[in-house]
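Novice: Quick one, fold the following:
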Amino acid sequence: MMKKLDNTQYFKIQSDQEIRVSEVLQLVYQAMTEKGYDPVNQIVGYIMSGDPTYITSHKGARSLIMKVERDELVEELLRVYVEKTVKE
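Specialist: A predicted model of the protein is given here:
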């Protein structure tokens, strides 16, 4: 039996080690704190500008945060904020 060639085929490539955005933020926050930086200001600078030099390379934090899209970082931060502070 032959497959139809006019249908679009979908496939998803999954990385060997998918890491959650929350884990990335936690690890980057810890690395920034260890190096004496203000993690909130530095992460905001990175999200706003896209310049990875806002993030220390200590413990691989810079390359780790660059694996996540900046809009995903904002989404995670907003999701956690709303869950913890907004009450209905």
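Novice: List the contacts of the one helix or strand residue 33 maps to.
Specialist: Using DSSP states H and E, residue 33 maps to helix 21-34. With Cβ atoms under 8 Å, 6 or more residues apart in numbering as the test, helix 21-34 has contacts from 38-39, 42-43, 55-56, 58-61, 64-65, 67-68, 72-73, 75-77, 80. Any C-beta I mention is one placed from the backbone N, CA and C, and that applies to glycine too.
Novice: what about it, distance to the chain center?
Specialist: Remark: helix 21-34 is offset 10 Å from the chain centroid, using Cα atoms, centre = their mean, to the nearest Å.
Novice: Buried ones in it, by neighbour count?
Specialist: 21, 24, 25, 27, 28, 29, 31, 32 (16 or more other Cβ atoms under 10 Å).
Novice: where does this structure dip in pLDDT?
Specialist: Scanning the chain with the threshold set as pLDDT under 70 gives 1-18, 87-88.
Novice: Who are the packing partners of the lengthiest helix in it?
Specialist: Under DSSP state H, the helix in the chain containing the largest number of residues is helix 70-85. Counting contacts by 3 or more Cβ pairs under 8 Å, 6 or more residues apart in numbering; DSSP states H and E, helix 70-85 packs against helix 21-34, helix 39-49.
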